[in-house]
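Chemist: Sequence first, predicted coordinates after that:
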Amino acid sequence: MATRLKDMADETTLDAEAIKVDAGSAADKVSEAIIRGIRAGVFVPGQHLVEPDLTQRLGISRGSLREALKHLAADGIVTLNRYRGAYIATLDRKAVLDLLQTLEPLACLAARLAAEHCDTDEKRRQIVEAANAIDEANRNHNRALYLEQRRQFYSVLVAIGGNGELERAMPLTRTDLFRAQIESIQSEKQRVRHASGYSKIAKAVAENNVGAADRAVQRHFAGTRSTIEELPAAAFASFAS
């Protein structure tokens, strides 16, 4: 298991389109490009970020790249090693469980607000389609698309609820990181359990059932915690130490 993860973490040819940065972008846009690359599968947890490769492919200066890496390190997305350079961070089991404990009440609030404010056919269509897109990506075993659609689901949920601060407060990028870390390791049963949770949340929101939406999120997170506890220690190995 550790060998398979290590193979994924080796330097790979980067998909320039997936991490494309607009001309003249500063360090914050470089950060966004790397985060998009994680969701797209261009970067994987534990992967070494090679400076000359990134500066050439992203069309940025070394200074902008290093500033971006410092920002990402502060957010827990990148690990900086004085002697070995920068790596996409890996999370240990406790860090993942701590992250879930932090995200769950915020996700519950987002679901409750969405259920309260899902008052048009268009909003109901949006949340149901967002959940269906996750199911489709899961059925097609498209892990990169799954992570992208999962992030989109939360964006729709927050938008319907109307509290713009929630998406800023929710640690979704760190969650993207741990989902990318375990996505290829979890079993089909665990994968289906996770994907099905979004449909249940969407159903409750579309029906304006605040209590059911809250419970659906709690059950969803309980299932995720079960998966994290079930996974072998190799799923949380670090290659940047």
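Modeler: All right, it came through fine.
Chemist: ok, now which ones touch residue 150?
Modeler: Contact analysis of residue 150 by CB atoms under 8 Å, 6 or more residues apart in numbering lists 134, 179, 198. Every residue, glycine included, has its C-beta placed from N, CA and C.
Chemist: Could you do residue 214 as well?
Modeler: By CB under 8 Å, 6+ apart, the contact list for residue 214 reads 108, 111-112.
Chemist: Would you mind checking which of those is nearest to residue 212?
Modeler: Minimum distance to residue 212 across these is 9.2 Å, recorded for residue 111 (CB to CB).
Chemist: That closest one is in contact with residue 213, isn't it?
Modeler: Yes - at 4.0 Å, residue 111 counts as touching residue 213 under the criterion of CB atoms under 8 Å.
Chemist: which residues are common contacts for the two?
Modeler: 201, 204-205.
Chemist: related to what we said a few turns ago, just the contacts of residue 214: which are in helices?
Modeler: 108, 111-112 (DSSP state H).
Chemist: Neighbour-wise, which one of these leads?
Modeler: The residue in the ones in helices among the contacts of residue 214 with the most neighbours, by other CB atoms under 10 Å, is residue 111 (29 neighbours).
Chemist: For that residue, give its distance to residue 190.
Modeler: 22 Å (CB to CB, to the nearest Å).
Chemist: same question, residue 196
Modeler: Plainly put, residue 196 is 11 Å away from residue 190 if you go by CB to CB.
Chemist: how deep is residue 29 tucked in, by neighbour count?
Modeler: Neighbour count of residue 29, defined by other CB under 10 Å: 16.
Chemist: what about it, which SS state?
Modeler: helix (DSSP: H, G, I helix; E, B strand; the rest coil).
Chemist: Would you map the strands across the protein?
Modeler: Along the chain, counting by DSSP state E, strands occupy 48-49, 78-81, 85-88.
Chemist: in terms of contact, does residue 210 touch residue 114 like I think?
Modeler: No - using CB under 8 Å, residue 210 makes no contact with residue 114, being 9.2 Å away.
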